[in-house]
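Q: please find the sequence and the predicted model below.
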Amino acid sequence: MQAIPQMKKILFRISFVLVVAAAGWYGYRLFQQMPQRQQQVPSTRVRKSDVVVRSFSRGEVRAVRSSTLTAPNLFGTVQVTRLAPLGSFAREKDLVIEFDDSEVLSRLEEKQLELEQINEQIKKAEADLAIRNNQDQVELLQARYSVRRAELEVKRNELISQIDAKKNLLNLEESRRRLKQLESDVKSRQQQAQAELAVLQEKKNKGNIELNREKQRLSQVKLLSPMSGLVSIRQNSGGFRMMGMQSPDIREGDQVQPGMPVADVLDLSELEVTAKVGELDRANLHEGQDVLITLDAIPEKRFHGKIKNMSGTATANVMSSDPGKKFDVNFSVDMTELLTALGAKPEQIKKVLETAEQNRKRPPTPSFMSAMLAGGGFPGGGGQGGGTMPMVGAGPGGPNGMPGMSGGQAGGEGGGQAGGEARQRRSAGGGGFGGMGGNLSEEDRKKMQDALQKALGGKSMQDLGAEERQKIFAKLREQFPQAAGGRTRGESGGGQAGQTGGGERGGSNETPGFGASASRFSETDLANAKLPPAPEEDTQLEVLLRPGLLADVEIIVEKLPNVIHMPTQALFEKDGKPMVYVRAGNRWEERLIKPLKRSESTLVVESGLNAGEVVALSNPNAKPGDKKGAKAPGGGASDGGGGGAPMGGMGGGGKRGGQ
């Protein structure tokens, strides 16, 4: 009787276990039949409303105009002795950098002493020549007297014996021969003395050239500011540097290499924002388009601007992880609105705008062709005194007040000690269009360029000989006489010394014209130049906003009323056709659509979708094990694993979804 209750308990327990197992199996099967990735696929709804197609970019504020000051070639140690304080505001003709001039002064004194010695040698040679000429005249007079006396003795031959007559004839012949020989010797001695005097004169000319060169180098030890602006000191990139090492700023006492940029003067009277835009947005932008700019330093205010210019080619940053290429775009800023927001007073705004207008009218930096037109030459290619063609139009003056060289010096030293500084300053002429074209308008300059190309006939300037080049430039001077300016010794002397390759320098820099242009800064300006005050000692009313600040730019491309739109991330590609994944119950179906407008964040659909439908933002058919970026039936690279690639780069619901 007791075994029956035990059997019942066992059967009850077995039945309970079977029921629980059946329920678990049924639940497992039910779970498997449910959509597996319904909660894992990001999605969004298609909307129908007004759309404002916007493009967004991020860039930095910079000065529209700036001037770079470079270290001169002092033919020795280039060491900084005085430097404007970092962040100071320099007015025009203020001293920015001064270099050590002790070596230049030492060489200048040596050249002056050598020149004085040569002058004394010339005086001595002239005195010796005068004394020798007097002696020669006495000897010639004696020789002529001997000839005359011998002629008188010959006239007595009829009265004397035949032997004495023969002696008289021989004496006459000997006297004439001596006179002739003496005249020849005197002439030779005079020519030799004149040659020695000419050699000394050439030494004197060479000494004058070297003396003027040292004076020019002495005038280069001070770099003045060509305009009012913020001083930005460059980093000292010279010397040995390992990867990852931070280059310090140039300081007083540092040695720099000739031609190395040492400082920038930034004109803060007009600012712009430079940024990059994507490939899709580039097609929707054009110059003059309105933009809204928000500075990180003033986040609560927005400023108006316009698109100034855009690059025609896209570039990629190889150091960045983003493989996409972008286009450079420059945006202008409404300076009146910006200065007002910064708290500037009306008189300050007026002063800043006047400064911007003055700087805007400054002539642009002359091009290489304009420097060529100034004198018709190329930099020499030889060593000391071995150049083949002069490079003129690089006289003293330029953006940093560095005097240039005339044609012969640049040509004769093309590969030597001054060839580098000649090339650095070949476009630094202060006479406008490289010494030729300072009075020309933009239209006339373009005509001059067209005339030069026509005269070349498709050839390169290097393919022409010296005579052909001179003929071309002479013809251009005849066609454009208003560009020639004044002819000076720099034109004739510089060309002659540079073409022959035997002279170091021809012409002079006394008068502006071909081969010599007027200096931007006079000796008085260089002598009276002072360093600008430190930032803490200056009110710096002009420095209301510094370059380098970051800004967000919003570009309004187009306004579309009552259209169907979705995030660009939901657009995929299959067999080269645009398609989307639309939710149909518990599954996703592929549907082809026809886009109307597209930006980096928003896609406007012309047909194929209805408002309220749910579309996937990633490929719902991708397997969990697929890697990101693998190919899928959609035909592109997936952002979530295996599906077709979205045509844009920003998901729905983002901060800047394009609406």
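A: The structure has been received and is ready for your questions.
Q: going by C-alpha atoms from here, please, whenever you check contacts or count neighbours.
A: OK.
Q: show me the shaky parts of this structure.
A: 1-3, 30-39, 238-245, 319-320, 362-442, 458-463, 465-466, 481-519, 538-543, 623-659 (pLDDT under 70).
Q: quick check: domain ranges of it?
A: 102-204, 363-528 (automatic domain parsing).
Q: please enumerate the helices of the protein.
A: 3-33, 102-154, 162-219, 279-282, 335-341, 346-360, 368-375, 407-412, 419-424, 442-456, 466-479, 489-500, 523-528 (DSSP state H).
Q: what's the closest of those helices to residue 560?
A: With CA to CA as the measure, helix 279-282 is the member of those nearest residue 560 (16.3 Å).
Q: excluding chain neighbours, what is closest to residue 276?
A: residue 328 (4.6 Å; CA to CA, 6 or more residues apart in numbering).
Q: with residue 271 instead?
A: Residue 271 sits nearest to residue 63 (CA to CA, 6+ apart), 4.6 Å away.
Q: list the contacts for the one you found?
A: Residues in contact with residue 63 (CA atoms under 8 Å, 6 or more residues apart in numbering) are 266-272, 547.
Q: do residue 280 as well
A: Per CA under 8 Å, 6+ apart, neighbours of residue 280: 598-600.
Q: of those residues, just the buried ones, ChimeraX syntax please.
A: Selection of buried members from the contacts of residue 280 for ChimeraX, criterion 16 or more other CA atoms under 10 Å:
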select :598,599,600
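Q: out of the contacts of residue 280, flag the one nearest to residue 557.
A: The closest of the contacts of residue 280, once distances to residue 557 are taken by CA to CA, is residue 599, at 9.3 Å.
Q: for that closest one, give its distance to residue 563.
A: According to CA to CA, to the nearest Å, residue 599 and residue 563 sit 15 Å apart.
Q: now do residue 336
A: For residue 336, the distance to residue 563 - CA to CA - is 38 Å.
Q: and residue 223, by the same measure?
A: In this view, residue 223 and residue 563 are 61 Å apart by CA to CA.
Q: so which of the two has more stuff around it?
A: Higher neighbour count among residue 223 and residue 563: residue 223, with 27 against 15, using other CA atoms under 10 Å.
Q: quick one: the nearest residue to that one once chain neighbours are set aside from residue 228, how far?
A: The shortest distance from residue 223 to any non-neighbouring residue, by CA to CA, 6+ apart, is to residue 97 (5.3 Å). Distance of residue 97 to residue 228, computed by CA to CA: 15 Å.
Q: higher neighbour count, those two?
A: Ranked by neighbour count (other CA under 10 Å), residue 97 and residue 228 place residue 97 first, with 25 against 21.
Q: and the longest strand for this structure?
A: Ranked by residue count, the top strand of the chain under DSSP state E comes out as strand 47-70.
Q: tell me the angle that one makes with helix 346-360.
A: Compare the direction of strand 47-70 with that of helix 346-360 by axes from the mean of the first three to the mean of the last three CA atoms, to 10 degrees and you get 70 degrees.
Q: buried residues in strand 47-70, which are they?
A: 47-48, 51, 53-70.
Q: also stretch 72-88?
A: Neighbour-count burial for stretch 72-88, with 16+ other CA under 10 Å as criterion, is recorded at 72-74, 77-88.
Q: quick check: chain neighbours aside, which residue is closest to the residue nearest the centre of the chain?
A: Central residue of the chain (CA atoms, centre = their mean): residue 68, 9.1 Å from the mean position. Nearest non-adjacent residue to residue 68, counting by CA to CA, 6+ apart: residue 264, 4.5 Å away.
Q: now swap in residue 550 and tell me
A: residue 60 (4.3 Å).
Q: my guess is the one you found meets residue 271, correct?
A: No. Residue 60 lies out of contact with residue 271 (CA atoms under 8 Å); the separation is 10.3 Å.
Q: gap between the residue nearest to residue 118 when sequence neighbours are not counted and residue 214?
A: The spatial neighbour of residue 118 that comes closest, neighbours along the chain excluded (CA to CA, 6+ apart), is residue 204 at 6.1 Å. According to CA to CA, residue 204 and residue 214 sit 15 Å apart.
Q: ok, now residue 358?
A: 34 Å.
Q: the two - which one has more neighbours?
A: Taking other CA under 10 Å, residue 358 and residue 214 do not tie; residue 214 has more neighbours (21 against 11).
Q: got a list of what the residue lying closest to that one once chain neighbours are set aside touches?
A: Nearest residue to residue 214 in three dimensions, chain neighbours excluded: residue 108, at 5.8 Å (CA to CA, 6+ apart). Contacts for residue 108 were tallied using CA under 8 Å, 6+ apart; they are 211, 214-215.
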